[in-house]
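Starting from these lines, generate the structure:
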Amino acid sequence: MTESVPPQLTHVQPDGSAQMVDVSAKPSTARTARAVSTVQTTGEVTQLLAQHGLAKGDALGTARIAGIMAAKKTPELVPLCHPLPVAKVTVDLELDAPAHGSVRITSEVKTTGPTGVEMEALTAASVAALTLYDMIKAVDRSAVIAETKVLSKSGGASGEWSRA
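So this is what the prediction gives:
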């Protein structure tokens with residue numbers, strides 16, 4: 001029986017200390033990443049969102065802008081992320097059927113650079129979800145931010161990847 005060797009964590013030195021990965025020798029390529037986060041709430045709240053009926057204003061528009069801004073600030077929030085020239089960020093918020101009461105937040109980030117933008121896409125979806133929670137908490141304190149994850153990525157040495 002052969003023993004499998006665990007993969008080497010790129011952000012950890014042999015002594016266990018953190019390090020920023022050296023990407024200076026990697027070629028710049030077009031890279032895209034998509035991520036999603038879901039805010040679970042009530043049907044009444046999704047109806048209020050659809051009708052722009054919250055006292056705080058346009059919650060969906062505010063969450064979209066927050067997500068876009070967050071993607072651009074990722075290296076300031078996540079210590080070992082490389083600053084990248086973010087070329088495009090989209091954040092889409094989709095209301096589920098009112099009976100289900102959830103909002104699906106999908107982000108997409110594009111760049112041309114030596115490393116991927118998965119963290120920027122995750123940050124965009126996460127901060128949009130946090131912002132939406134902040135805007136709806138007065139009417140639903142039990143809202144939940146659920147299942148934030150990368151959906152797909154492209155570019156770089158590892159090529160295309162998509163969640164099945």
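
contacts and neighbour counts: CA atoms only from here.
Noted.

Tell me the helices and strands packed up against the helix-or-strand element of the chain with minimal mean pLDDT.
Using mean pLDDT, DSSP states H and E, helix 43-50 stands out as the lowest-scoring helix or strand of the chain, at a mean of 93. Counting by 3 or more Cα pairs under 8 Å, 6 or more residues apart in numbering; DSSP states H and E, the packing neighbours recorded for helix 43-50 are strand 102-113.

Given the strand it packs on, what are its sheet partners and their directions?
Note on strand 102-113: by DSSP bridges, its sheet partners are strand 29-40 (antiparallel), strand 86-95 (antiparallel).

Past that strand, which element shows up next along the chain?
Downstream of strand 102-113, the next assigned helix or strand under DSSP states H and E is helix 118-136.

For that next one, give me every contacting residue.
Defining contact as Cα atoms under 8 Å, 6 or more residues apart in numbering, one finds that helix 118-136 is touched by 32-39, 45, 54, 56, 59-60, 62-72, 74, 81, 91, 105-109, 143-145, 148-150, 153.

switch the cut-off to 7 Å
33-37, 39, 56, 59-60, 63-64, 66-68, 70-71, 74, 105-109, 143, 145, 148-150, 153 (Cα atoms under 7 Å, 6 or more residues apart in numbering).

Pull out the buried members of the residues you listed.
Among those, those scoring as buried are 33-37, 39, 59-60, 63-64, 66-68, 70-71, 74, 105-109, 143, 145, 148-150, 153 (criterion: 16 or more other Cα atoms under 10 Å).

any idea how far Gly53 is from the closest residue to Glu147 other than its chain neighbours?
Take Glu147 and drop its neighbours on the chain: the residue closest to it by Cα to Cα, 6 or more residues apart in numbering is Ser37, 5.7 Å away. Look at Ser37 and Gly53: by Cα to Cα, to the nearest Å, they are 23 Å apart.

Also Thr62?
Counting by Cα to Cα - Thr62 and Gly53 are separated by 14 Å.

Show the pLDDT at the residue positioned nearest the centre of the chain.
Taking Cα atoms, centre = their mean, the centroid of the chain lies closest to Leu122, which sits 1.9 Å from it. Looking at Leu122, its pLDDT reads 98.
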